[in-house]
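Asks: Here is my input, please return the structure:
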Amino acid sequence: MFDPALRSHRLRGDLTGCWSCSVNYSLRIVFEVGEPKEIAGLYAETIVLLTVGTHDEVY
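Replies: Now for the predicted structure:
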């Protein structure tokens with residue numbers, strides 16, 4: 001989720017607490033990252049996808 005190619009970044013304003021990443025030139029994904037939880041002895045973060053769309057659709 002934080003590969004440099006995705007250009008992930010924190011959002012502000014009404015979307016404070018959320019993140020966004022780029023799928024391609026026009027498509028974005030807005031998501032939240034949950035607290036790490038232990039699953040079968042490993043720690044994993046929960047990622048909740050909130051919306052997918054163009055820049056104007058998701059912001």
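
Asks: what's near enough to touch the residue most central in space within the chain?
Replies: Nearest to the mean C-alpha position of the chain, by C-alpha atoms, centre = their mean, lies Phe31 at 3.2 Å. By C-beta atoms under 8 Å, 6 or more residues apart in numbering, Phe31 lies in contact with 1, 18-21, 47-50. Every residue, glycine included, has its C-beta placed from N, CA and C.

Asks: try Ser26
Replies: Residues near Ser26 by C-beta under 8 Å, 6+ apart: 54-55.

Asks: how close does it sit to Pro4?
Replies: As for Ser26, its distance to Pro4 is 19 Å (criterion: C-beta to C-beta, to the nearest Å).

Asks: Model confidence score at the residue nearest to Leu11 when sequence neighbours are not counted, please.
Replies: Spatially, and ignoring its direct neighbours in sequence, Leu11 is nearest to Cys18 (4.7 Å; C-beta to C-beta, 6 or more residues apart in numbering). In this prediction, Cys18 carries a pLDDT score of 96.

Asks: what do you get for Arg12?
Replies: At Arg12, pLDDT is 96.

Asks: Could I get the full set of helices for the protein?
Replies: For the chain, the helices defined by DSSP state H occupy 55-58.

Asks: can you give me the strands for it?
Replies: In the chain, the strands defined using DSSP state E lie at 9-10, 19-22, 27-33, 37-39, 42-44, 47-54.

Asks: counting contacts, what elements does the first one pack onto?
Replies: In other words, strand 9-10. Packing contacts for strand 9-10, counted by 3 or more C-beta pairs under 8 Å, 6 or more residues apart in numbering; DSSP states H and E, involve strand 19-22.

Asks: Tell me the strands beside the strand it packs on, with direction?
Replies: Neighbouring strands of strand 19-22 in its sheet, by DSSP bridges, are strand 9-10 (antiparallel), strand 27-33 (antiparallel).

Asks: what are the C-alpha coordinates of that strand, in PDB please?
Replies: The C-alpha coordinates for strand 19-22 follow below in PDB (Å, rounded to 0.1, in the frame of the first residue of the first chain):
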ATOM      1  CA  TRP A  19      -5.200   7.800   2.800                       C
ATOM      2  CA  SER A  20      -5.200   8.000  -1.000                       C
ATOM      3  CA  CYS A  21      -3.200   6.200  -3.600                       C
ATOM      4  CA  SER A  22      -3.100   6.400  -7.400                       C
END
